[in-house]
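K.L.:
sharing a sequence plus its predicted fold:
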Amino acid sequence: MRIGTNPQKDQHQPTMDHFHQVVIPVYIPDAGDYFKESKTILEYCLDSLLLTVHKNTFITLVDNGSRKEVSDYLRSLYEAGKVHELIQTTNIGKINALFKGMMGHRFPLVTFADADVLFCKGWQEATYKIFETFPKTGFVSPTPNPKLWKYNTANILRAYRKSPQLQFQSVVASEALERFAESIENPRFYNSVHKEKQLVVTQNDIQAVVGAGHFVATYRRDAFQGHETPVSRFALGGKEVRHFLDTPVYQNGYWRLATANNYTYHMGNTLEPWMHEELTLLKSSNPVASVPKNPLQKVSVRKPGNRLRVFEKLLHRAGFSRRFLKRKGLTATEAEMY
């Protein structure tokens, strides 16, 4: 039997100053060979995150079936008030964990990051500059990936195909590219041209790279419109990341960009001396991120039409692709290699 009315009925949720959410799923089920250093790497990840975000950042951790020592560590962060939300579940897979963390909130910006990301000073500020400068942006990675210059970027390339604002520029952080390649056990992932030149769009002296991966990225929440309730069948891998995280941004008409400099590192599952050095440097610099305004502007975007689809198909033809690259500043030899 119920007597009376629940005092929360028809009450509005209290307003929050937060406008940017960071969601990190954590899956460290054991301390075996693959995961033996993962807890320390997770600590590096979260320490660097907490050192580099402004106070209006809402941090959500999803404990995706981790072992007790890891779960206890995550709970200690929550109980200490260092993170705002801790979701505990069995292993439901990476994609489902990400969206589970995002659902129930309406923050205009959301960053999805793996639990092995090392955040660097200024990553939020650099990300916001791109959203402000290029209002159609729906995705910003703080780590450029020149090799992915035509991955879900046909709308940007077509918009600037005849513009001098889109040109190849020198790579700013070639060492970061090498570290990423090593972190995925593929030291030859980038060739010599990728390490030297990246495709850059420039507006008001702000540069953004056309080419980005997804181990960490900040999304405009609206970019997921119509794609917000996925159920992934895979714990990890498959084509799920492409289907649920990459495609919606492009299909909804938004742009996929990256910062010109590098502001995050992918650590992988094995500790290396440089990781501790970067974190120590970060702690000694004692960065205090100022609180900016929400960088998003209202913008009208168009979903891909027939002309864009034709252009996208042309980009995947070797001859057209090489001509496009040469028009944007590569030599014939470089275009062949890119």
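P.N.:
That came in fine, so what should we check first? Residues are numbered from 1 along each chain as shown.
K.L.:
from now on I want contacts and neighbour counts done on CA atoms only, so please keep to that.
P.N.:
Noted.
K.L.:
check the gap between the residue nearest to Y265 when sequence neighbours are not counted and Y128 for me.
P.N.:
The shortest distance from Y265 to any non-neighbouring residue, by CA to CA, 6 or more residues apart in numbering, is to L118 (5.0 Å). To Y128, L118 is 19 Å away according to CA to CA, to the nearest Å.
K.L.:
more neighbours: the two, which one.
P.N.:
L118 (25 against 20; other CA atoms under 10 Å).
K.L.:
ok but that one is inside a helix, no?
P.N.:
No. With DSSP: H, G, I helix; E, B strand; the rest coil as the criterion, L118 is strand rather than part of a helix.
K.L.:
wait, doesn't it sit right on S48?
P.N.:
Yes. The pair L118 / S48 is scored as a contact, 6.1 Å apart, by CA atoms under 8 Å.
K.L.:
centre of the chain to the helix or strand of the chain with the lowest mean pLDDT, how far?
P.N.:
Using mean pLDDT, DSSP states H and E, the weakest-scoring helix or strand in the chain turns out to be helix 240-241, at a mean of 74. Distance of helix 240-241 from its chain centroid, counting by CA atoms, centre = their mean, to the nearest Å, is 14 Å.
K.L.:
what's the answer for stretch 306-314, then?
P.N.:
26 Å.
K.L.:
equivalent analysis for stretch 260-280, please.
P.N.:
16 Å.
K.L.:
in it, which residues are buried?
P.N.:
260-269, 275, 278-279 (16 or more other CA atoms under 10 Å).
K.L.:
ditto for stretch 54-63
P.N.:
For stretch 54-63, using 16+ other CA under 10 Å, the buried residues are H54, N56, T57, F58, I59, T60, L61, V62, D63.
K.L.:
please, where are all the helices along the stretch 201-338 of the chain?
P.N.:
Along the stretch 201-338 of the chain, counting by DSSP state H, counting those that start in this stretch, helices occupy 240-241, 247-251, 273-285, 306-315, 318-327, 332-337.
K.L.:
which strands and helices sit next to the longest one?
P.N.:
Secondary structure elements in contact with helix 273-285, counted by 3 or more CA pairs under 8 Å, 6 or more residues apart in numbering; DSSP states H and E, are helix 38-52.
K.L.:
and the angle for the helix it packs on with helix 273-285?
P.N.:
30 degrees (axes from the mean of the first three to the mean of the last three CA atoms, to 10 degrees).
K.L.:
which residues are in contact with helix 38-52?
P.N.:
The list of residues contacting helix 38-52 from outside it, by CA atoms under 8 Å, 6 or more residues apart in numbering, reads 28, 70, 82, 115-124, 267, 269-271, 276, 279, 282-283, 286-289.
K.L.:
just the buried residues of that helix, please?
P.N.:
38-49, 51-52.
K.L.:
out of the helices of the stretch 201-338 of the chain, flag the one nearest K136.
P.N.:
Ranking these by proximity to K136 (CA to CA) places helix 247-251 first, at 10.5 Å.
K.L.:
rounded mean pLDDT for that closest one, please.
P.N.:
Summarised as a single mean, pLDDT over helix 247-251 is 94.
K.L.:
low-confidence bits of this protein, can you list those?
P.N.:
For the chain, the stretches flagged by pLDDT under 70 are 1-16, 227-238, 287-288.
K.L.:
tell me which residue is most central in it.
P.N.:
A217 (0.9 Å; CA atoms, centre = their mean).
K.L.:
wait, doesn't that residue sit right on A113?
P.N.:
Yes. If you go by CA under 8 Å, A217 and A113 touch, sitting 6.6 Å apart.
K.L.:
circling back: so which of the helices of the stretch 201-338 of the chain comes closest to F134?
P.N.:
That would be helix 247-251 among the helices of the stretch 201-338 of the chain, by CA to CA, at 14.6 Å.
K.L.:
mind checking how far that closest one is from the chain centre?
P.N.:
14 Å.
K.L.:
packing partners of that helix?
P.N.:
Using 3+ CA pairs under 8 Å, 6+ apart: helix 247-251 touches strand 255-259.
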